[in-house]
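Enquirer: Sequence below, structure please.
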Amino acid sequence: MGSMYRSEPMSLCQLFLQTDSAFASVAELGELGLCQFRDLNPDASSYQRKYVHEVRRCDEMERKLRMVTEELTKDGIPIPDFIDQIPAPLPRDMNELEVC
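Expert: Just a heads-up that it's a prediction; the model follows:
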């Protein structure tokens, strides 16, 4: 596994992905941890972005999980650490996670 130090050889690549496979591809690249993403639309506001709704859902889910973690910690209930990486949930699984 490589690292992201400046002295490491790097390549600048541009990917063009179909909308259907974009999530799975970016999730896989993110789990590898060996790539860096650049914003090609830095002047666009957050409301002009295509995936604003999904990002807000993830922020809300993170807030809920943080609250549950704080309550478990406050009550002295141990939270097990995972050694293996947990893969990113698919977009269709977000509905199930939100309901729980």
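
Enquirer: So in this structure, which helix runs the longest?
Expert: helix 52-74 (DSSP state H).

Enquirer: hmm, who's touching that one?
Expert: 46, 49, 79, 91, 94, 97-98 (Cβ atoms under 8 Å, 6 or more residues apart in numbering). (C-beta placed from N, C-alpha, C; glycine too.)

Enquirer: ok, 6 Å please
Expert: Contact with helix 52-74 is made by Ile79, as judged by Cβ atoms under 6 Å, 6 or more residues apart in numbering.

Enquirer: Pull out the buried residues from it.
Expert: For helix 52-74, burial by neighbour count (16 or more other Cβ atoms under 10 Å) applies to Arg57.

Enquirer: so after it, what's the next helix or strand?
Expert: Stepping forward along the backbone from helix 52-74, the first helix or strand reached (DSSP states H and E) is helix 94-99.

Enquirer: what's the helix or strand for Leu40?
Expert: Here Leu40 is assigned to no helix or strand, by DSSP H and E.

Enquirer: Could you check the pLDDT of it?
Expert: pLDDT, Leu40: 83.

Enquirer: Burial check on it, number of neighbours?
Expert: By the criterion of other Cβ atoms under 10 Å, Leu40 has 7 neighbours.

Enquirer: what sits against it?
Expert: With Cβ under 6 Å, 6+ apart, Leu40 has no contacts at all.

Enquirer: That concludes my questions; thank you for your assistance.
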